[in-house]
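Engineer: I'll drop the sequence and a predicted model, then ask my questions.
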Amino acid sequence: MSEIEFLNWVRGDGLNLAISVFLLGVIWRLIEIFSLGRKPDLSASRQAAGASGLHTVFRRSLPPPGMVKRSPVSYIGGYIFHIGLAVVVFLFAPHIKLIESLVGLSWPALPSQIIDLVAVITLVAMVVVLVDRFTKPVKRYLSTFEDYFTWTVTFLPVLTGYLAVKHLLLPYTTMLALHILTVEILLVVLPFTKLFHAFTVFGSRWFNGHVNAHKGVPV
Amino acid sequence: MNRRPTVAEQLAKRGVSRRAFLKFCAAAASLMALPPSMAPAIAEALGKRTRPSVIWLSFQECTGCTESLTRSHTPTIESLIFDMISLDYHHTLQAASGTAAEHAREQAMAEPGYLVLVDGSIPTKDDGIYSIIAGMTNLQMLKETLENAAAVVTIGTCAAFGGIPKADPNPTGAKSVQALMDEGLVPRKPVINVPGCPPIPTVITGVLAHYLTFGEIPELDHLGRPTMYFGDSIHDRCYRRPFYDQGKFAKTFDDEGARKGWCLFELGCKGPTTYNACATAKWNNGTSFPIESGHGCIGCSEPDFWDAGSFYSALSMPTKPLDLAAGAAVAGVVIGAGVAFANRSKKSSAKAAHKATGLADLEK
């Protein structure tokens, strides 16, 4: 298989398969989670300032007091790579072009130099949080195979994307095909690992906030 | 036996001046990425060489490659490179036809060490009956002609990689020359691939000039293409590249961006994955190349470019419709509902099995 055939496959059958598994997984997991339901709480609802599902959705995006100082790498590194991923994935012209071809929506792109810079910052932040996971005994104790696996499948698309755009290491065609392949692996893995938080994060925050607000506790 | 005339003798006979010949050699040196000081050396080497016999085989092709070469900028010195070789067999260009034409090929083959140029792919399905010349299938003719050849130069993407005849679903089982050698269907000889649909005329003549000058195969990339012409991607050498880097893209062929000459990536340009000399050697006597005329690169010098989706879809866009997605979504709903139902029944059976703890239990 030549590199163009490889690229044609990842742009054709590979993408078809990956998007299908992704859709199947996301719909399955969402229906499963939302259909679990909870017993109706028959107690009288208590009131407290700042206690509601919506409050929690926003509050949990900010670190609790003192935590940035106690765990700076987790918080600052976490912010950087999450925002970086969003910028790189959704504001790079070729990515917008793909989304437009799939769902018909498009928006303005950022210049590629800015995307380059954000990609490098994202990669560095991801490496730093990984090293932190290795070196902090508590974090290392809490980490499982899934943590390292999901880190890898998230890191590789950014790395290969950057190397492809910069024409480093391998010929552009091969690197572009590898980039698309790693994104396809990410798509397949996402619904069935902790990466599914991309879909559940705000729902679960709202749920926690709502349950606790009922008890009069702002969380 | 008559001695074959040297290139210098042949050119003198044709009235080509030494100055014009040196000018050609300087152009060839520049195309081959050699310093200009190499021009006299090339002239000397070319001048002394006898004209090697060349057999040009046309198989499943459209004659576009020959058109490209012959119509390029006739009659410039470039077309005269064909006076430096002895083109003994070429369907389109030779005056002879029928038995006389085939006789010319057989005669040329009598002296080993000739060069074979191939344009067009070779059908292999159903014993290759889809293309027959003088009662021979293309495969038979190629096999026979390659027997005593010094090397093969494939002219165009069809001969180099299969091209349009090989495009999905490839009804004739079309294959490239290299693929046939790899499968042992024809004798293995050194292959120089000169792909393109068609290849740039100066690249065809440049490759031949290199072979004649140095008497060896030029440095090739992993697809058998001379790196001196196919070493850089169109994108890397494109004059519109700064607009790509700035994120300035033409969205349609007649918008503001298109008029300002912005990057054609979003209109489907395959420049980033295409290796060829168009952006530097250019076409029509150095006039321009497709991107300069406002159309994206279609990637014609790459294998299977015909199967890489629409010419007008960006590289990041899918090459095929995502026809499995709707079925997968339905399957997701079905599995999700099934799991939800299983969870509910598990919950209700747990509820049914639950026993209330009473005072009596505590006193046990």
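Structural biologist: Done, it's in.
Engineer: what sits against B:Ile132?
Structural biologist: The contact partners of B:Ile132, by C-beta atoms under 8 Å, 6 or more residues apart in numbering or on different chains, come to B:Asn138. (C-beta placed from N, C-alpha, C; glycine too.)
Engineer: where does it land on pLDDT?
Structural biologist: On pLDDT, B:Ile132 comes in at 93.
Engineer: likewise B:Gly215?
Structural biologist: B:Gly215 is assigned a predicted lDDT (pLDDT) of 81.
Engineer: how near is it to B:Ala150?
Structural biologist: Using C-beta to C-beta, to the nearest Å, one gets 9 Å for the distance from B:Gly215 to B:Ala150.
Engineer: who has more neighbours, those two?
Structural biologist: B:Ala150 (16 against 11; other C-beta atoms under 10 Å in any protein chain shown).
Engineer: who's in contact with the residue nearest the centre of chain A?
Structural biologist: Among the residues of chain A, A:Ala198 comes closest to the average C-alpha position under C-alpha atoms, centre = their mean, at 5.2 Å. Contacts for A:Ala198 (C-beta under 8 Å, 6+ apart) come out as A:Leu190.
Engineer: What does it show for phi and psi?
Structural biologist: phi -60, psi -30 (degrees, to the nearest 10).
Engineer: now do B:Ala150
Structural biologist: Summarising the backbone geometry of B:Ala150 under the convention degrees, to the nearest 10, its torsions are phi -80, psi -40.
Engineer: Kindly report the same for the one 3 residues further on.
Structural biologist: Backbone torsions of B:Val153, given as degrees, to the nearest 10, read phi -110, psi 120.
Engineer: Next one: stretch B:338-346, is it in contact with chain A?
Structural biologist: Yes: using C-beta under 8 Å from any C-beta of the partner chain, stretch B:338-346 comes into contact with chain A via B:Val339, B:Ala340, B:Asn343, B:Arg344.
Engineer: Out of those, who's the most crowded?
Structural biologist: Within the residues of stretch B:338-346 next to chain A, B:Ala340 tops the neighbour count with 18 neighbours, counted by other C-beta under 10 Å.
Engineer: Contacts only, for that residue.
Structural biologist: Counting by C-beta under 8 Å, 6+ apart, B:Ala340 makes contact with A:Ile31, A:Glu32, A:Ser35, A:Leu36.
Engineer: what's the nearest residue to it if we skip its chain neighbours?
Structural biologist: Take B:Ala340 and drop its neighbours on the chain: the residue closest to it by C-beta to C-beta, 6 or more residues apart in numbering or on different chains is A:Ser35, 3.5 Å away.
Engineer: In which helix or strand does the one you found reside?
Structural biologist: Using DSSP states H and E, A:Ser35 falls within helix A:13-36.
Engineer: C-terminal to that helix, what's the next element?
Structural biologist: For helix A:13-36, the succeeding helix or strand toward the C-terminus, using DSSP H and E, is helix A:53-59.
Engineer: Next, the buried residues of that following helix.
Structural biologist: Within helix A:53-59, the residues scored as buried using 16 or more other C-beta atoms under 10 Å in any protein chain shown are A:Gly53, A:His55, A:Thr56, A:Val57, A:Arg59.
Engineer: What is it packed up against?
Structural biologist: helix A:197-214 (3 or more C-beta pairs under 8 Å, 6 or more residues apart in numbering or on different chains; DSSP states H and E).
Engineer: hang on, the earlier thing: burial check on the residue nearest to B:Ala340, number of neighbours?
Structural biologist: A:Ser35 has 14 neighbouring residues, counting by other C-beta under 10 Å.
Engineer: do the same with the one 10 residues further on
Structural biologist: Residues contacting A:Ser45 under the criterion other C-beta under 10 Å number 9.
Engineer: Got the phi and psi for it?
Structural biologist: Its backbone dihedrals place A:Ser45 at phi -70, psi 140, with angles given as degrees, to the nearest 10.
Engineer: same question, B:Val152
Structural biologist: Listed backbone geometry of B:Val152 is phi -120, psi 140, with angles given as degrees, to the nearest 10.
Engineer: And for A:Leu42?
Structural biologist: With angles defined as degrees, to the nearest 10, A:Leu42 sits at phi -90, psi 0.
Engineer: Same question for A:Leu123.
Structural biologist: With angles defined as degrees, to the nearest 10, A:Leu123 shows backbone torsions of phi -60, psi -40.
Engineer: thought it was touching A:Leu159?
Structural biologist: Yes: under the criterion of C-beta atoms under 8 Å, A:Leu123 makes contact with A:Leu159 at 6.2 Å.
Engineer: give the contact list for the nearest residue in space to B:Arg105 that is not next to it in sequence.
Structural biologist: If you skip the residues right next to it in sequence, B:Arg105 has B:Tyr89 as its closest partner in space, 4.2 Å away by C-beta to C-beta, 6+ apart. Contacts for B:Tyr89 (C-beta under 8 Å, 6+ apart) come out as B:Ile55, B:Trp56, B:Leu57, B:Ala101, B:Ala104, B:Arg105, B:Ala108.
Engineer: Pick the one among those residues closest to B:Gly196.
Structural biologist: The closest of the contacts of B:Tyr89 to B:Gly196 turns out to be B:Trp56 (C-beta to C-beta; 16.2 Å).
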